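**Student:** any chance you could fold what I've pasted below:
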Amino acid sequence: MTLIIKRKLADILEPSLRIGIDRLLPGSVMPGNLMAGAQQYTADIPFTAIDHDSISWAVGVVALADGRLQKIAAGAMELTGTHHLYSTWGSSILSDGTNLGFPYKFPFLFADASYAVGNNKMLIAVVSKAAVGQKAFIMTPYHDSLILNAAHLSFTAFDTGTNTLDDISNGSTYSRLLSTDISAGHIKLTSSTVKTGNWYDVSGVSIDAASGINIYGTANALTTRATKTGTIQCYVGADGALYAGAGAVLLDVNGIKVTGEFLRFYEGATERGRVAAGASDFNLAAVGAGIPIVVTGANLICDVATAVYPNVTTAVDLGTTTKYWKDVYCVNLIRTNSISQADQTASRVSGTTYQNSTKIRIVTVYVYGSTDYVDVAGYVKSTSPANFVVCEQLSPIITSGSGAGTITFVVPPSYYYRVVSGGTGVTIIRWIESDLD
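**Tutor:** Reported below is the predicted structural model:
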């Protein structure tokens, strides 16, 4: 800010020097010959903007060019607009250092700038009330307490006069961001802010507004870990396939490829079964003692080329005593195990109940009657005594009053059985039991 005041030379000289003045040679007038308001001076007074309409200042000194000093008392003021703060001269200390004991001067404050100009007046500062929320404006040309606010800033980039970011023009590299695209300080994605085209394409990772995220051509371009530097759990290989289980599980265009026992099934934290491929077989296995493999459905179809058989060397059961097959349809039912036979003629008696072992038993009994007909029957039951007849033969007299008969029946495992013969002089000739192992 430049303040130009045109005055006659005679007006600024001391009265004793005003007579006959026309022009002076350079250096012929010393500061001490000029009035206080015409001398150069400094005003060392610290100012503080308290808020938008109040200021304060600390104790300071106005120093004239001729060496005289004017003390300024501390104070504070409320602002109503733009004001000019000045002091009238009343020296407290002379140029030779003599302290006249004058009290501190309290500056004057006027809105009209003309009041701050005169023979014995020194302008200290220009102050102005600011908008609420800002600090008051303070300009003092002789101290570092210059305080500015937005109302007193002017840049060529602010070209519409609203004193907001709306005044800033977009640059060639950086541009403004609409406030409607930011919500609570964060960028809000809407149909107006979605970027078109390719966003990112580095290290095998491409993000495109139209096609989405594409991982390609670089091993481990996408990995999953428990921690930032932890063991890789899953990754995308350079071939574009997804890998897990240290590469044993692969997901690609052909489907899912599993090598070894890496397809496992759990109930909570407990493993119940697994599917695995061996060198010469394919295994569906239950895990844990007594865990069955349960297959449900209308039909169980086994499309095999040769045979279905248990993978053990010992014989196993097909069904149980409480869960068994209803009907078995087959072309040939061939037993591969042995049949044990025993002649029980000496140990078996007609009418006595016996219990079978855990095998299937075939009983064959031959009887002979020397003087009468022969009546022989076989009885089988799950409880004792055996009284459910399963077979019977009534033989007439053959020759000379004699007769004979033979019966054969099957006894299930653990069932009870007996043979009853009738007639005069009937004898059990042969009692054979055959057990199916």
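**Student:** so for the helix or strand encompassing Phe265, mean pLDDT?
**Tutor:** Here Phe265, judged by DSSP states H and E, is contained in strand 263-267. Averaging pLDDT along strand 263-267 gives 89.
**Student:** next secondary structure element downstream of the helix or strand hosting Ala43?
**Tutor:** Using DSSP H and E, Ala43 sits in strand 41-44. For strand 41-44, the succeeding helix or strand toward the C-terminus, using DSSP H and E, is strand 47-49.
**Student:** what packs against that next one?
**Tutor:** strand 54-57, strand 137-139 (3 or more CB pairs under 8 Å, 6 or more residues apart in numbering; DSSP states H and E). Every C-beta, even on glycine, is put in place using the N, C-alpha and C of the backbone.
**Student:** got the buried residues for stretch 408-427?
**Tutor:** Of the residues in stretch 408-427, 409-411, 415-423, 426 count as buried by neighbour count, 16 or more other CB atoms under 10 Å.
**Student:** how far off centre is that stretch?
**Tutor:** 78 Å (CA atoms, centre = their mean, to the nearest Å).
**Student:** returning to that earlier point: now do the buried residues in the strand holding Phe265.
**Tutor:** Of the residues in strand 263-267, those buried (16+ other CB under 10 Å) are Leu263.
**Student:** adjacent strands (with direction) for it?
**Tutor:** Using DSSP bridges, strand 263-267 pairs in its sheet with strand 270-277 (antiparallel).
**Student:** so which bits of the partner strand are buried?
**Tutor:** Residues of strand 270-277 classed as buried under the neighbour-count rule (16+ other CB under 10 Å) are Gly273, Arg274, Ala276.
**Student:** which one of these is nearest to Tyr329?
**Tutor:** Distance to Tyr329 across the buried residues of strand 270-277 (CB to CB) is lowest for Gly273, with 30.1 Å.
**Student:** quick check, that closest one in contact with Val287.
**Tutor:** Yes: using CB atoms under 8 Å, Gly273 is in contact with Val287, at 5.7 Å.
**Student:** so where's the stretch 51-200 of the chain uncertain?
**Tutor:** 91-111, 141-163, 189, 191, 193-194 (pLDDT under 70).
**Student:** let's see it at 80
**Tutor:** Scanning the stretch 51-200 of the chain for pLDDT under 80 picks out 87-120, 122, 141-169, 176-196.
**Student:** confirm that Ser114 sits in a helix.
**Tutor:** Yes: counting by DSSP: H, G, I helix; E, B strand; the rest coil, Ser114 is located in a helix.
**Student:** tell me how far it lies from Phe409.
**Tutor:** 144 Å (CB to CB, to the nearest Å).
**Student:** SS state for Gly37?
**Tutor:** Gly37 - assigned by three-state DSSP - is helix.
**Student:** list the contacts of Arg264.
**Tutor:** Applying CB atoms under 8 Å, 6 or more residues apart in numbering, we find Arg264 in contact with Glu271, Gly273, Arg274.
**Student:** ok, now Ala244?
**Tutor:** Counting by CB under 8 Å, 6+ apart, Ala244 touches Gln233, Cys234.
**Student:** same question for the one 4 residues further on.
**Tutor:** Contacts were defined as CB under 8 Å, 6+ apart; by that measure Ala248 touches Val258, Thr259, Gly260, Phe262.
**Student:** kindly indicate whether Tyr174 is helix, strand or coil.
**Tutor:** Here Tyr174 is coil, with the state taken from three-state DSSP.
**Student:** can you count the residues close to it?
**Tutor:** The tally of other residues near Tyr174 (other CB atoms under 10 Å) stands at 8.
**Student:** isn't Leu64 up against Ala36?
**Tutor:** Yes: the criterion here is CB under 8 Å, and Leu64 meets it with Ala36 at 5.9 Å.
**Student:** where do the helices sit along this structure?
**Tutor:** 9-12 (DSSP state H).
**Student:** domain assignment for it?
**Tutor:** Each domain of the chain is listed here as a residue range: 1-170, 192-259, 339-436, per automatic domain parsing.
**Student:** mind listing what Phe282 touches?
**Tutor:** Phe282 is in contact with Val275, Ala276, counting by CB under 8 Å, 6+ apart.
**Student:** repeat that for Thr406.
**Tutor:** Thr406 touches Thr364, Val365, Tyr366, Val367, Val376, Gln393, counting by CB under 8 Å, 6+ apart.
**Student:** which among the residues you listed gets closest to Leu79?
**Tutor:** Thr364 (132.0 Å).
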